[in-house]
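Q: Sequence isn't available, so here's the structure alone:
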């Protein structure tokens, strides 16, 4: 018995030792395998994280590169237009509306302007398509940068025109760097000017991309830093950081990673600009940071992921180690059981079988997880076996290919089954050139473009395909391919290509136009030089100015007459300044008001004829000049400048003054002897009349009567000569007068004088309402007395004189006075000549006069700044009209009757 027991003990002891050795060996193998699998898994996770980080960085780099290339192309297109207008700018940026530029707020064309140049710049761009443009400087310095064209992209932002960008330092620095470097630049982060009015929760940190715009050589503007091309301005694009990042990285992360964009803020610190978070709420365990270059700046991307979400992650090593340990324990148990008994071995085998089944379930679960990861990828993935039969198409691949059922007939059927064509969209893609077919032959391929068109994609989509042979570790030969949809990018590339073609065509047209322009410019230069020679040959001063009142050209005579004035010297000189240098006055000594300078009057659209000015030079030299001016208009009738001419009449006025003085002296010295002659003649005539009957002396008395009449005519001539001289040279004592009172006084005296002659029919004179005027009392009375006296005098014999004196407003601050009669009228062609001194229109009609009355009237009116004209009176007679300035508070008096109830005119 004891031997049996000892034998059983020995068997049990040997079985226990053997089982222990088996368990130890199995544990060592399991732990080793778990360590190897864990290291392999860590490498796979690291590679997966690197690929994800690389994909995010590549997405941001490619997207920002696309924005930079787009802005560079738009800047080149903008600079090619000459002249650049709002319509051409909108045409240049129209393709951008279909490119899906996420985060882009608007694109604008910016121009520089100094404080003193804002009005000119504003007028220039108003003429180029922005009629309501208003440039409002808001920057701190004299230099400003304004937006003149602005097109919104985000569907909500309105175009911002006339905004002064220099009010924000951050975009101003970016624009300055773009001009300095000649390349596209990106600003530091800041709040866009257009977003300052948004609610706080809607504001985003943003950037602006700026590209300098250069024209072609020869454009008369400031040159760029190299001096090769003229600098025209900038193209500026606003970019909201959060919107841009959300669109740029969402596809590459597939909502499995947090991505944070950091960049330098306006204060120089590095801060978070935008953040895209994954849907998972689990703690992020792996973090990476990578720098990306954007134009001249550098952005930093931080990517955070959950390690368990990475491809290849999972409890495989632990499960494998556990399974190995379990199997080792099982083998040890089996060994022990086999050594101790069949029944116990059966129990252990059953337990091991259960564990194997659980392990298989876990393996299937991990396989399902891998399938879910592949199905969640946005790019299409396809796997074929060595016969070309598809083993796997994830949902993205089926959506891209547009076919629900995969081809199982091999590679020869792929082209027809899926509708695969070359990028031209019409040429079928040969089967042997398909990336998957080449991968089955062991040849990898990358980014092969093709078009898929079938009933599921009737319009066709553009994709790129990358294919690789399956690695030997897959367990069977085959190939795998990745499909990426680039339809939008292809459309954008086509749009850019079309824009480039249009740009080349435009450049060709521009070169032709420039050649024609150069030829026209040469012709214009020749004609201009010829015109300058002609103008310089004239002794008349000729001056021209532009619409802003800046002198453009002065001929030789003008340069000699006006000190320091040379419009061709390159120094802008306003018309007002040139007038100040001349110190011009009216003939009565009143200084010329600046707004009455002939060139400025012509700029207001009025003609200036025969304006007399007295000019006193710095050396005391005095001249009298006669000036004329005309407005200059373009083809559309708009005033683009003015031209004035002047010539000296100093010698003429000196001779007139001498003659006037001589006439005044002669007239004054002749009045006394004439008075004596008249008195002696009347005494002799009266003495002859007292001789009694038989001593009538009729012939002697007739001679004496003729002598008295001649003396009266001589006295009238002397009085008119004195009046003519006084009308020109007497000091003007203008004041506010009641015109009605002066007219009534003249009419009363004239009617009283006429009543002395009983043979003369009584005159009928109507006086209408009269305002108050600003005039010299003596000269105004002389003017009215001459006109009313003429109306009474030039009446057919035997008919009563009928005269109307009326006044009506004549523009702002003026009144027109009409003296109309029913007399003999004015002969045809004499309406202007009657104002000439010593001219008598009715010399042969028997009407006495010296011919100086109307000349005196003209001088009086002109000295008051008015005009006088003679016209025929409807119904017969003449109508003399003149204008006078009204008093400051003018009112018309009630109409009254002198000798008639109604006017006769």
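A: Ah, there it is. Here the structure is a predicted model, which means the values were calculated and not measured.
Q: Could you use CA atoms for every contact and neighbour count after this?
A: OK.
Q: so the residue nearest to residue 109 when sequence neighbours are not counted, which of the three states?
A: Counting by CA to CA, 6 or more residues apart in numbering, residue 235 is the residue found nearest to residue 109 once chain neighbours are left out, at 4.7 Å. Classification of residue 235 using DSSP: H, G, I helix; E, B strand; the rest coil returns strand.
Q: same question, the one 4 residues further on
A: At residue 239, secondary structure determined by three-state DSSP is strand.
Q: how many neighbours does the residue nearest to it when sequence neighbours are not counted have?
A: Take residue 239 and drop its neighbours on the chain: the residue closest to it by CA to CA, 6+ apart is residue 104, 4.6 Å away. Counted with other CA atoms under 10 Å, the neighbours of residue 104 add up to 22.
Q: pretty sure residue 104 contacts residue 206?
A: No. Judged on CA atoms under 8 Å, residue 104 makes no contact with residue 206 at a distance of 9.8 Å.
Q: follow-up on the earlier one: which strand residues bridge the residue nearest to residue 109?
A: Per DSSP bridges, the residues bridged to residue 235 are residue 109, residue 211.
Q: Wait, it touches residue 211, no?
A: Yes. If you go by CA under 8 Å, residue 235 and residue 211 touch, sitting 5.3 Å apart.
Q: list residues touching both of the two?
A: 71, 75 (CA atoms under 8 Å, 6 or more residues apart in numbering).
Q: Residue 638: neighbour count?
A: Neighbour tally, residue 638, other CA under 10 Å: 12.
Q: swap that for residue 257, sorry
A: 29.
Q: can you give me the helices for the stretch 601-750 of the chain?
A: 650-689, 698-729, 739-755 (DSSP state H, counting those that start in this stretch).
Q: per-stretch mean pLDDT over these, give me the minimum one.
A: When mean pLDDT is averaged over each of the helices of the stretch 601-750 of the chain, helix 698-729 scores lowest at a mean of 64.
Q: if we can go back for a sec, ok, the residue nearest to residue 109 to residue 214 distance?
A: 11 Å (CA to CA, to the nearest Å).
Q: Common neighbours of those two, please.
A: Here residue 235 and residue 214 share the contacting residues residue 75, scored by CA under 8 Å, 6+ apart.
Q: And the residue nearest the centre of this protein?
A: The residue lying closest to the centre of the chain (CA atoms, centre = their mean) is residue 148, at 3.2 Å.
Q: what about it, which helix or strand?
A: Assessed by DSSP states H and E, residue 148 sits inside strand 143-152.
Q: what pLDDT does residue 557 get?
A: For residue 557, the model assigns a pLDDT of 84.
Q: Give me the nearest residue to it, chain neighbours excluded.
A: Closest to residue 557 by CA to CA, 6+ apart is residue 541, at 4.8 Å.
Q: dump the residue contacts of residue 443.
A: Shown in contact with residue 443 (CA under 8 Å, 6+ apart): 468, 469.
Q: mind checking the SS state of it?
A: Three-state assignment for residue 443 (three-state DSSP): coil.
Q: How much space separates it from residue 527?
A: 74 Å.
Q: circling back: what's whichever helix or strand comes after the strand holding residue 148 in contact with?
A: Following strand 143-152 in sequence order, the next helix or strand is helix 169-181 (DSSP H and E). Contact with helix 169-181 is made by 165-166, 184-190, 208-212, 224-225, 234, 266, as judged by CA under 8 Å, 6+ apart.
Q: chain center to helix 169-181, what's the gap?
A: 21 Å (CA atoms, centre = their mean, to the nearest Å).
Q: swap in stretch 107-124?
A: 8 Å.
Q: same question for that stretch, mean pLDDT?
A: On average, the pLDDT along stretch 107-124 is 91.
Q: Buried residues of stretch 47-61, list them for me.
A: By neighbour count with 16 or more other CA atoms under 10 Å, stretch 47-61 contains the buried residues 48, 49, 52, 53, 55, 56, 57, 58, 59, 60, 61.
Q: if we can go back for a sec, ok, now which ones touch the residue nearest to residue 239?
A: So residue 104 contacts 153, 154, 237, 238, 239, 240, 244 (CA under 8 Å, 6+ apart).
Q: Which one of those residues is nearest to residue 819?
A: residue 153 (71.5 Å; CA to CA).
Q: correct me, but the closest one touches residue 97?
A: Yes. The pair residue 153 / residue 97 is scored as a contact, 6.8 Å apart, by CA under 8 Å.
Q: how about TSV for the buried residues of stretch 47-61, with secondary structure added?
A: What follows is those, written out as TSV (three-state DSSP):
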residue	secondary structure
48	helix
49	helix
52	helix
53	helix
55	helix
56	helix
57	helix
58	helix
59	helix
60	helix
61	helix
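Q: Just put those in TSV and tack on distance to residue 381.
A: TSV is the format used below for the buried residues of stretch 47-61 (distance: CA to CA, whole Å):
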residue	distance to residue 381
48	16
49	19
52	17
53	20
55	17
56	19
57	22
58	20
59	19
60	23
61	24
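Q: Can I get those residues in TSV including pLDDT and distance to residue 594?
A: Below are the buried residues of stretch 47-61 laid out as TSV (pLDDT from 0 to 100; distance: CA to CA, whole Å):
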residue	pLDDT	distance to residue 594
48	69	82
49	71	80
52	74	76
53	78	74
55	77	72
56	79	70
57	80	68
58	80	68
59	79	67
60	83	64
61	83	63
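Q: Out of these, give me the two with the largest separation.
A: Spanning the widest gap among the buried residues of stretch 47-61 are 48 and 61, at 19.5 Å by CA to CA.
Q: okay, now the nearest residue to residue 266 once chain neighbours are set aside: neighbour count?
A: Among residues not flanking residue 266 along the chain, residue 188 sits closest, at 5.5 Å (CA to CA, 6+ apart). The local packing of residue 188 (other CA under 10 Å) involves 23 other residues.
Q: same question, residue 759
A: Residue 759 is flanked by 9 other residues according to other CA under 10 Å.
Q: All the helices of the stretch 801-905 of the chain, in order from the start?
A: Using DSSP H, counting those that start in this stretch, helices in the stretch 801-905 of the chain cover 853-863.
Q: repeat for the stretch 401-550 of the chain
A: Using DSSP H, counting those that start in this stretch, helices in the stretch 401-550 of the chain cover 414-418, 435-440, 487-537.
Q: pLDDT of the longest one, averaged?
A: Confidence over helix 487-537 (mean pLDDT, whole number) is 84.
Q: Show me what that helix is packed against.
A: helix 2-80, strand 457-469, helix 556-561 (3 or more CA pairs under 8 Å, 6 or more residues apart in numbering; DSSP states H and E).
Q: Just want the angle from the helix or strand just after the longest one to helix 487-537.
A: Per DSSP H and E, the first helix or strand lying C-terminal to helix 2-80 is helix 86-93. Using axes from the mean of the first three to the mean of the last three CA atoms, to 10 degrees, the inter-axis angle of helix 86-93 relative to helix 487-537 is 150 degrees.
Q: Not counting its own residues, what contacts helix 86-93?
A: 74, 77, 78, 81, 128, 129, 130, 149, 151, 499.
Q: which of those tops the neighbour count?
A: Highest neighbour count within those: residue 78, with 28 neighbours (other CA under 10 Å).
Q: OK, contacts around that one?
A: 84, 88, 89, 92, 213.
Q: Please repeat the previous calculation with a cut-off of 10 Å.
A: Going by CA atoms under 10 Å, 6 or more residues apart in numbering, residue 78 touches 72, 84-85, 88-93, 109, 213-215, 232-235, 503.
Q: For PyMOL, what selects the buried ones among the residues you listed?
A: Buried residues among the contacts of residue 78 (16+ other CA under 10 Å), as a PyMOL selection:
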select buried, resi 72+84+85+88+89+92+93+109+213+214+215+232+233+234+235+503
